[in-house]
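# Here is my input, please return the structure:
(2 chains)
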Amino acid sequence: MNIVKKIVLAATATLAMVGSAVAQYPERPLTLIIPWAAGGGTDATGRIIATMLEEKLGQPITINNRTGAGGIVGHEEIKAAAPDGYTLGIITTELSMYKPVGTANLSYEDYDLIGLFNADPSAVFVRADSPYQTMADLAEAIKADPAAIQASGANFGGLNHLSWVSLVQLLGAPAEKAFWIPTDGATPSLQLLASGAIDVAVSQFPEAQALVDAGEIRPLAYLGNEANPKQPDVPPLTDALGLEFSIAGWRGLAVPKGTPEEIVTQLTGPLRRSSTPRSSRPSWTAATTAWSGPVAPISKSICAPAAKPSTPPLRRPASSPADTRQAFRPGRPLGRPGLRLLEEENMKSRSLADLALGIVFALGGAFILSQALAIRGMPGMPVGPGLFPTITGIGMMVFGAVLAFQAWFAPASEASAIVPEGSDAPQSLDTQSSLLNPFSLGILACVVASIVLIPILGFLIAGTLVTFAVVLLGGGRLLTALIFAPLATGLIYAAFVYGFRVPLPHGLLG
Amino acid sequence: MDAFVTALGLVFNLETLLVIVASAIFGLFVGALPGLTATMATALLVPVTFYMAPIPAIAAIISCTAMAITAGDLPGTLLRIPGTPASAAYVEDSYRMAQNGQAGLAIGIGVIGSVLGGLFGFVFLLFTAPALAKFALGFSSFEYFWLAVLGLSCAALISSGGIAKGALSLLLGLFIAQVGLDPLTAAQRFTFGSTELAGGISFIPAMIGMFALAEILRAGRSPISKVPQVNVRNPFKGTLKVIWQYRKNQARGSIIGSLIGALPGVGGDLAAWVTYSLAKRTSKTPEKFGKGHPEGLVEAGATNNAALSSSWIPAMVFGIPGDAVTAIAVGVLVMKGLDPGPQLLTVNPHNFYAVMLVFVIANLLMLPLGYVAARSARRIFEVPRALLNAAILLFCIVGSYSINNTMFGVIIMLVLGIVAFILESRQFAIAPIILGIVLGPLVEQNFTTSMMITSGNFLGFFSRPIAGALGIATLVIWGLAIAATIMRARRARAEQLSAQTSPP
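Numbers count the residues shown, from 1 in each chain, chains lettered A, B, ... in the order given. All right, here's what the predicted structure looks like:
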């Protein structure tokens, strides 16, 4: 974090000088798209960059966390944005992997690159009581039989997986035999290592620091060419094995392809200069120098070993969305007493609604099953991504059938036993359980209207209209609605736009 | 010790304290409104916490929930409409007490009993969680898989609508969690070629839809015309004397509440029902129960908040929440990069201590705020429902939008709100859906990882001792539940048959 701050400070200082030369460029607020969730490492560093650029550019920068699909959604969004210099984006290591893995048609060539602000190589860890005392011990074992060593460190096709496969390959062992246990991130992998379930973990150092400090695990080597000044005791791979190796996770700043050259230069110059003080940061230089021709050399070195091992493209034919769950209507209205908790007995009532729901679930389960069976897995994995959906689909079919069966055969005589404990039941609020009444339909219509109208009219106008309608629906008076609707909309708008920096659509007012 | 000092700094700063007070007031208001639940209060709060630092975000959830659950006693006492499923256990007693002119006492017992129970649960949490976490450091994917499955099984089996409905709710949640890219291999699942769906169904709009939108649809239409007929006097007058009189119930309620709350997948709602009936069975005057007797009120009230505190144990130590509220909290922790699990307690103990401090503050805040709420209960009930509906709906829309800044979130909220409404009107429980969404990825990843380690041999899931024990426990629970259902169905059938053959 400190490093980033220093660099950005340097960057912004230079930017200030350059900025005075090129006068007009940021004449309105900018947006910075971050493809990862708020609170993560990319988000944290991205926000620091934004804050500091903001000060020097003299225009506010709105952060937009477009998360999802392992960063694809956000990366796509940056690519698709207008190349006018008003949409910036943070791009990350994963960008180099989408194409070889086959998840998205994205590469660094889709962007104009501005600067790299962070790059970390991974390290190899073993359990404290592991037989491998040095990297050389482990290397011998890998050469003997790579399939015997269970390694982990986040997902298939991720940075750490590629580092591991490259290491196996560099040692002259068959890379396709490298045994990788996929997890959701470095932390669960390190937990697996600490609990003794696997042999090796590949992770970046900060994630592993705590377990190293606690004496649970030991670092063997850095998967880089130079020692990290913060970890002088951990040898880089060049020292440990005499191998050249440089794969690093990186984060950078980019703009959509086709952004005017003077704007790119305006942003690129300062960021590139900022990363030059290499004497103070040796472990960085590999990545930073590589950047000057920008990301290409790094991403190529990352992609090269990835192209072969075990990652064929995974595509499924697109089909139209279908929501089977909506294909039914609610059954007859029934009260929902608050004292429902311990009353399983009452549920046996023969009910057409339950019968219908059971059938819908069973059909939905069959649909899920048919889709799940079409999901193809990775070669060499005993369980694929289709297994859990398959189990879910079968489960839904079974329990849906059970529900329908129960509804059909349950004794009809108990149908009236809905009221809890005694006839004098507490007042229940839920006198209406059907959606088919003007109020519920009205509320739903309002939500649909807001989905359609907010992007067109903007939040302030559409929100006011919808709020106005909801107040009237609930039996409020016209005058109240007229005063309340703009007031509430304005307050919520102010809170989210100025308080939380959510870019609500401007629409007509834009 | 250093960690504790760091934790003090994390909690005692203006931002965090302001957040605690503000969310407590918010929780109090929502909880006190008849028909609006603690879960809804929490669901509405999450989009706001999205933009806070981790500790204030969790502090907001904790203080809002604690306050909303306690405030749920107000409409129960004054209008006989329980604010939460838990306070429904003793609503008869508190309502009758209010009718007998003891409204202040009934509310006072609720508030002070909750504070004491909550503090007890806090002490329990403080000592149990770190010990459990040390133990849990040795857990691998095998143990986590079984723990998560056990939690999900309990949630599905004890839910209100019977096994089939509980299981279907759970499966629906698991299915929702599968939409998008498989986290381990990045294979597309149920995305139908849509980039938005490839991003997965985010749990925040899902939760807002299922708890907030569904509740507006259900409760927004029938405003409470009833205004309480009784005046609330000083709620703390003479309360301590009554609690001292039933100190045994207070202690027992706290202990049982802490224990039940700590079970993964079970959560706090059940606990109050258990202790209320226990109090009735062991009372010298069981005939007075349900007629305005404070004994059950003391015990169940204490249970409520003790369970609320201790339900954070499985959530924080294993990342396996017990109920909808802690499921939401686990989601927030993950979003904030504070992945729950033993490492949260051993590696970053300052975060754990900070959360503990928030518990104490939130429970103590209940005293002054509970007093104010009791005195102003009438005004709270008079807030026009039409305006509330509009404000909540607008908040739902903005909250769902702001997670990814797209209208897709609002569409998810709408669809799942309708689904939840329909399912709930047929007595499907909603909590297992949320648990399925939050725990689904955990179950699946640990399953896949374990299968990789054992090279596809399922028997390997029983090869580590703790994993084996958890696995057998899970299978036994399912076996018992299914056997019990079949037995009951048979008996009912037999009775029906005998009733037909020999008419009364």
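# what number of residues lie near the residue of the stretch 51-200 of chain B found nearest chain A?
Closest residue of the stretch 51-200 of chain B to chain A, C-beta to the nearest C-beta: B:Gly199 (2.2 Å). C-beta here means a position set from N, CA and C on the backbone, and glycine is covered the same way. By the criterion of other C-beta atoms under 10 Å in any protein chain shown, B:Gly199 has 25 neighbours.
# what's around residue 478, how many residues?
Using chain A. Counted with other C-beta under 10 Å, residues neighbouring A:Leu478 total 10.
# think we crossed wires, I meant chain B
By the measure other C-beta under 10 Å, the count of residues near B:Trp478 is 16.
# can you tell me which helix or strand it belongs to?
With elements taken from DSSP states H and E, the one containing B:Trp478 is helix B:465-501.
# re earlier: dihedrals phi and psi, the residue of the stretch 51-200 of chain B closest to chain A?
Here is the backbone geometry of B:Gly199 (degrees, to the nearest 10): phi -70, psi -10.
# per-residue confidence at it?
With respect to pLDDT, B:Gly199 scores 76.
# Is it in contact with A:Val73, as I believe?
Yes - using C-beta atoms under 8 Å, B:Gly199 is in contact with A:Val73, at 4.6 Å.
# The stretch 51-200 of chain A: strands as residue ranges?
Applying DSSP state E, counting those that start in this stretch to the stretch 51-200 of chain A gives strands spanning A:61-65, A:87-92, A:111-127, A:150-152, A:179-181, A:200-204.
# ugh, typo on my part, it should be chain B
For chain B, the strands defined by DSSP state E cover B:180-181, B:188-189.
# what's around B:Thr285, how many residues?
Other residues near B:Thr285 come to 9 when the count uses other C-beta under 10 Å.
# any idea how far it is from chain A?
According to C-beta to the nearest C-beta, to the nearest Å, B:Thr285 and chain A sit 19 Å apart.
# same question, B:Val330
Remark: distance between B:Val330 and chain A (C-beta to the nearest C-beta) = 14 Å.
# quick one: pLDDT of that residue?
B:Val330 carries a pLDDT value of 81.
# quick one: it and B:Ile437 touch, right?
No - assessed by C-beta under 8 Å, B:Val330 is found out of contact with B:Ile437, at 10.7 Å.
# what sits against B:Tyr144?
B:Tyr144 sits next to B:318, B:442, B:446 when contact means C-beta atoms under 8 Å, 6 or more residues apart in numbering or on different chains.
# Mind putting the strands of chain B into TSV with mean neighbour count?
As requested, the strands of chain B are arranged in TSV below (neighbours: other C-beta atoms under 10 Å in any protein chain shown):
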stretch	mean neighbour count
strand B:180-181	25
strand B:188-189	22
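# could you dump those strands to TSV with distance to B:Ser450?
Shown next, in TSV, are the strands of chain B (distance: least, C-beta to C-beta, whole Å):
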stretch	distance to B:Ser450
strand B:180-181	21
strand B:188-189	20
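# Tell me which of those sits nearest to A:Ala119.
Taking C-beta to C-beta, strand B:180-181 is the member of the strands of chain B nearest to A:Ala119, at 25.1 Å.
# tell me what that closest one is packed against?
When contacts are defined as 3 or more C-beta pairs under 8 Å, 6 or more residues apart in numbering or on different chains; DSSP states H and E, strand B:180-181 sits against strand B:188-189, helix B:195-198.
# Sheet-wise, list the partners of that strand with their directions.
Strand B:180-181 sits in its sheet next to strand B:188-189 (antiparallel), going by DSSP bridges.
# Distance from the chain centre to the strand it pairs with, please.
On the basis of C-alpha atoms, centre = their mean, to the nearest Å, strand B:188-189 is displaced by 31 Å from the centre of the chain it belongs to.
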